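**Q** Here is the input, now give the coordinates:
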Amino acid sequence: MKIRLDLFRSFCVSIFLVLAGLQSMQAHADGIVTTNTYVEIKTDDNPILKARKQTNEGLQASNGHFVIVPERTNICQSTPNSAACNTVYSFSGLGYVPSGSVTSINFRTTPANSYLVFINSQHNSKDDRTAYIGEIEFENEILGYWTDPTMTVELAEISKEGASYPNSGNSGFSARQTEDHVHYGSSTTASTTSGDWVSISSNKRILRIGSKNGKPGDYIRVITRAASPTVAFSSTSSSGAESVSSAALNIDLSYAATQNVSVNYTVTGTATGSGTDYTLASGSLTINAGLTSGSISIAGIVNDSVDEPNETVIVTLSSPTNATLGNNTVHTYTIIDNDNPPVVDFNTTTSNGAESSSSKDIAVDLSAASGKNVTVNYAVTGTATGSGTDYTLASGIATISPGSTSTNITIAGIVNDSLDEADETVVVTLSNPNNATLGSNSVHTYTITDNDNPPSVAFNTTTSSQAESVSSVDLTVDLSAAS
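**A** You can find the predicted model right below:
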């Protein structure tokens, strides 16, 4: 029985948590992050937004305080050519804006959301006015709000479709306007009991409201941006010769923000930073409020004398503040090498060595170190015989690694025989260089110097005889060794 009770208790707790979660799902509804307990979000399809003086079915807060009705999102973005979308609406004289914000808006060029806020705080006494303060945090920047009743009624492209709004001939129309209105353009603490009031936080995301009295109710229409600005590179690639000492990578905002926008960036690529090829460390860029662009500078680009592949500096944006990432989050800057390839050839054109020297290195040099692999073909000829008879070396390819200036072609296995013979040559000829040009010393002749004494020559014997009937005699002459 105890197990059943525990299971039932766990089930009830789970249901409670689910319901509590559903209760808090007002967050991010149509651009609203959250509201406090004195503000209700009404999302009915066909709300009646007329004055309470006109109809008892008009908007009413069930908690007796404040209501916000999301009206439109992305105003005019799907109908940019309508007349309303080409109208410039002013807040001046009809409403208010946050401190430092522009006083008018064109919805065709400024994507925005609209909200109708109903102020109907029920007071037990005038002394409790500061106790009932509504607070709404929006996902995006507050651009302004209207208090004049002509701006809180049905307006093409702005008002909620399906909602019922009053007109100027209806009872209570003028009573929709806030009374003795006080505006705080940059505050999260200011309030008053002398009239209806609105305050907007310095980050232009939080709107606070208070009511003068509990009469039928007043309306304001709040306009916010539809989204934060996007931040991205103006292009995804660029390039410049290494003789250009610096390069600016431009970063753009989709529109000027009223807060500083920052974005992190990381630096990678095939080029080496820290002053080797350039100077730029990973960091953060800030675009100040009111501006629409900034730049990241690749500085100290080194104009060296090394022939090398083109190298890249790759900058990647991440983690923006007060903005979202746009499409061009990665920019690749290519440093184009401007150096001529080095010259490759033999250090000398001739050399020699006794056949008692078992091998010989023939140096192949570059005129300067390269950042690339340098290869050059070589062919082997001459009077000496290869394949182990006099030496071992076949035609092939010599490679000089990046950063090096020389390599050796080795004549190996030089045979130290006992045969007295003429000096013999190994002729090595360079051709078809890659990542280099062929120099003048393209042929090297190595002479294998014979080190054997000449043989002695003598008759095989000092005397011999034959009958005179023998018509001829061969006298044998011998060498002490083959030559």
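**Q** what about the residue lying closest to G326 once chain neighbours are set aside, which helix or strand?
**A** Distance criterion C-beta to C-beta, 6 or more residues apart in numbering; nearest residue to G326, sequence neighbours excluded, is A232 at 3.0 Å. Quick note: C-beta positions are derived from backbone N, CA and C, even for glycine. In the assignment (DSSP states H and E), A232 maps to strand 230-233.
**Q** For that strand, which strands pair with it and how are they oriented?
**A** Partners of strand 230-233 in the sheet, by DSSP bridges, are strand 247-253 (antiparallel), strand 324-325 (parallel).
**Q** tell me how far the ends of stretch 392-405 are from each other?
**A** Counting by C-alpha to C-alpha, to the nearest Å, you get 25 Å between the two ends of stretch 392-405.
**Q** Can you list the buried residues in that stretch?
**A** Neighbour-count burial for stretch 392-405 flags 393, 398, 400 (criterion: 16 or more other C-beta atoms under 10 Å).
**Q** So the second one sits against T375, correct?
**A** In other words, A398. Yes: the pair A398 / T375 is scored as a contact, 6.9 Å apart, by C-beta atoms under 8 Å.
**Q** Which pLDDT does the model give the residue positioned nearest the centre of the chain?
**A** Among the residues of the chain, T316 comes closest to the average C-alpha position under C-alpha atoms, centre = their mean, at 1.8 Å. Among the per-residue scores, T316 shows a pLDDT of 98.
**Q** So it is in contact with T266, correct?
**A** Yes: in terms of C-beta under 8 Å, T316 counts as a neighbour of T266; the distance is 5.1 Å.
**Q** quick one: the helix or strand following the strand holding A232 to chain centroid distance?
**A** Scanning forward in sequence from strand 230-233 by DSSP H and E, the next helix or strand is strand 237-241. Averaging C-alpha positions (C-alpha atoms, centre = their mean, to the nearest Å) puts strand 237-241 16 Å from its chain's average.
**Q** go on, stretch 406-419?
**A** Centre-to-centre, stretch 406-419 and its host chain are 56 Å apart (C-alpha atoms, centre = their mean).
**Q** Can you list the buried residues in that stretch?
**A** 407, 409, 411, 414.
**Q** what's the answer for stretch 239-250, then?
**A** 242, 247, 249.
**Q** Work out for me the element S114 sits within.
**A** S114 belongs to strand 112-119, assigned by DSSP H and E.
**Q** Also T385?
**A** Assigned by DSSP H and E, T385 belongs to neither a helix nor a strand.
**Q** wait, what's in contact with it?
**A** T385 makes contact with E424, according to C-beta atoms under 8 Å, 6 or more residues apart in numbering.
**Q** Could you do S356 as well?
**A** Residues near S356 by C-beta under 8 Å, 6+ apart: 416, 451.
**Q** Apart from its neighbours in sequence, what residue is nearest A458?
**A** Nearest non-adjacent residue to A458, counting by C-beta to C-beta, 6+ apart: D478, 6.3 Å away.
**Q** Tell me, how many residues neighbour that neighbour?
**A** 12 (other C-beta atoms under 10 Å).
**Q** Let me know the pLDDT of it.
**A** For D478, pLDDT reads 70.
**Q** measure it to F173 for me?
**A** 142 Å (C-beta to C-beta, to the nearest Å).
**Q** now P111
**A** 30 Å.
**Q** Same question for T375.
**A** As defined by C-beta to C-beta, T375 lies at a distance of 89 Å from F173.
**Q** neighbour-wise, which of those two wins?
**A** F173 (19 against 16).
**Q** gap between the more buried one and L94?
**A** Separation of F173 from L94 (C-beta to C-beta) stands at 15 Å.
**Q** do the same with E242
**A** In terms of C-beta to C-beta, E242 sits 59 Å off from L94.
**Q** Please apply the same query to K50.
**A** Counting by C-beta to C-beta, the gap from K50 to L94 is 20 Å.
**Q** Compare neighbour counts for these two and give me the winner.
**A** Neighbour count, other C-beta under 10 Å: between K50 and L94, K50 has more, with 23 against 18.
**Q** Shouldn't the more buried one be within a strand?
**A** No: under DSSP: H, G, I helix; E, B strand; the rest coil, K50 sits outside any strand and is assigned coil.
**Q** Pull up the distance across stretch 468-478, start to finish.
**A** Length of stretch 468-478, first residue to last, C-alpha to C-alpha: 26 Å.
**Q** What lies in contact with that stretch?
**A** Contacts with stretch 468-478, where a contact means C-beta under 8 Å, 6+ apart, come from 457-461, 464, 466.
**Q** Secondary structure element holding S274?
**A** Counting by DSSP H and E, S274 is found in no helix or strand.
**Q** so where's the stretch 201-350 of the chain shaky on pLDDT?
**A** Within the stretch 201-350 of the chain, the segments meeting pLDDT under 70 span 213-216, 258.
**Q** picking up where we left off before, got a markdown table for the buried residues of stretch 406-419, with secondary structure too?
**A** What follows is the buried residues of stretch 406-419, written out as a markdown table (three-state DSSP):
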| residue | secondary structure |
| --- | --- |
| T407 | strand |
| I409 | strand |
| I411 | strand |
| I414 | coil |
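**Q** got a list of what V88 touches?
**A** 104-106.
**Q** got the end-to-end distance for stretch 191-210?
**A** 7 Å.
**Q** If we go by neighbour counts, what in it is buried?
**A** 192, 196-201, 204-210.
**Q** In strands, which of those residues fall?
**A** Counted as lying in strands by DSSP state E, out of the buried residues of stretch 191-210, are 197-200, 206-210.
**Q** List just the nearest of those residues to T425.
**A** I206 (92.3 Å; C-beta to C-beta).
**Q** Quickly list what that closest one is bridged to.
**A** For I206, the beta-bridge partners are E137 (DSSP bridges).
**Q** Provide a list of residues in contact with it.
**A** The contact partners of I206, by C-beta under 8 Å, 6+ apart, come to 135-138, 188, 200.
**Q** Could you check how far it is from A412?
**A** Plainly put, I206 is 83 Å away from A412 if you go by C-beta to C-beta.
**Q** Closest one of the ones in strands among the buried residues of stretch 191-210 to E424?
**A** The closest of those to E424 turns out to be I206 (C-beta to C-beta; 95.5 Å).
**Q** now the helices for the protein?
**A** Assigned by DSSP state H, the helices in the chain fall at 2-23.
**Q** where along the stretch 251-400 of the chain do the strands fall?
**A** Taking DSSP state E, counting those that start in this stretch as the test, the strands found in the stretch 251-400 of the chain are 261-268, 283-287, 293-298, 311-321, 324-325, 330-336, 343-346, 350-354, 360-366, 374-381, 396-400.
**Q** so I75 touches T224, yeah?
**A** No: contact criterion C-beta under 8 Å: I75 and T224 do not qualify, at 10.4 Å.
**Q** what's the closest of the contacts of V88 to V380?
**A** Among the contacts of V88, and counting by C-beta to C-beta, the member closest to V380 is N106, at 81.1 Å.
**Q** Would you mind confirming that that closest one makes contact with A84?
**A** No: the pair N106 / A84 is not scored as a contact, 10.3 Å apart, by C-beta under 8 Å.
**Q** Now for the two: what residues contact both?
**A** By C-beta under 8 Å, 6+ apart, no residue touches both N106 and A84.
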